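Engineer: generate a structure from the sequence data that follows.
(one chain, ligands or ions: 1)
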Amino acid sequence: MNTINTNAEDAIICSCSGTKRSQIERLFNQGMDLDEISRWTGAVSGCGGCEWDIEGLLLTLAKPADNSEQL
Ligand code: FES
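Structural biologist: Numbering: from 1, shown residues only. I've put the predicted structure just below:
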């Protein structure tokens with residue numbers, strides 16, 4: 001069972017490295033991909049249990065903010 005809270009901005013998303021969601025968002029917004037974020041923070045370099053959570057977060061962040069239809 002995954003007990004990591006991935007929603008709150010200050011939630012630790014990688015318990016091995018102590019990486020917070022807000023750190024990942026900031027690095028993503030600076031143009032880093034998962035490999036670069038992993039090297040920078042240490043996330044995904046321990047048990048690997050956070051990989052899907054972080055990939056999901058990055059996919060969410062990559063979506064356009066406005067999803068309204070444009071005709
Ligand atoms: S929880 Fe991220 S590497 Fe273990």
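
Engineer: remind me which residues of this structure are low pLDDT?
Structural biologist: Within the chain, the set of residues satisfying pLDDT under 70 comprises 1-7, 66-71.

Engineer: how about the residues of it by the ligand?
Structural biologist: With C-beta under 6 Å from any ligand atom as the criterion, the chain meets the ligand at residues 14-17, 43-50. Quick note: C-beta positions are derived from backbone N, CA and C, even for glycine.

Engineer: turn these into TSV, columns for neighbour count, secondary structure and distance to residue 28.
Structural biologist: Supplementary listing: these in TSV, determined by neighbours: other C-beta atoms under 10 Å; DSSP: H, G, I helix; E, B strand; the rest coil; distance: C-beta to C-beta, whole Å:
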residue	neighbour count	secondary structure	distance to residue 28
14	27	strand	14
15	14	coil	20
16	15	coil	19
17	17	coil	16
43	27	coil	12
44	23	coil	14
45	13	coil	17
46	12	coil	20
47	10	coil	22
48	11	coil	19
49	13	coil	20
50	25	coil	15
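
Engineer: which secondary structure state is assigned to the residue nearest to the spatial centre of the chain?
Structural biologist: By C-alpha atoms, centre = their mean, the chain has its centre lying nearest to residue 54, at 3.6 Å. Classification of residue 54 into helix, strand or coil gives helix, according to DSSP: H, G, I helix; E, B strand; the rest coil.

Engineer: would you agree it is in contact with residue 41?
Structural biologist: No - with contacts defined as C-beta atoms under 8 Å, residue 54 does not count as touching residue 41, sitting 9.6 Å away.

Engineer: list the residues that contact both of these two?
Structural biologist: Counting by C-beta atoms under 8 Å, 6 or more residues apart in numbering, the common neighbours of residue 54 and residue 41 are 14, 24.
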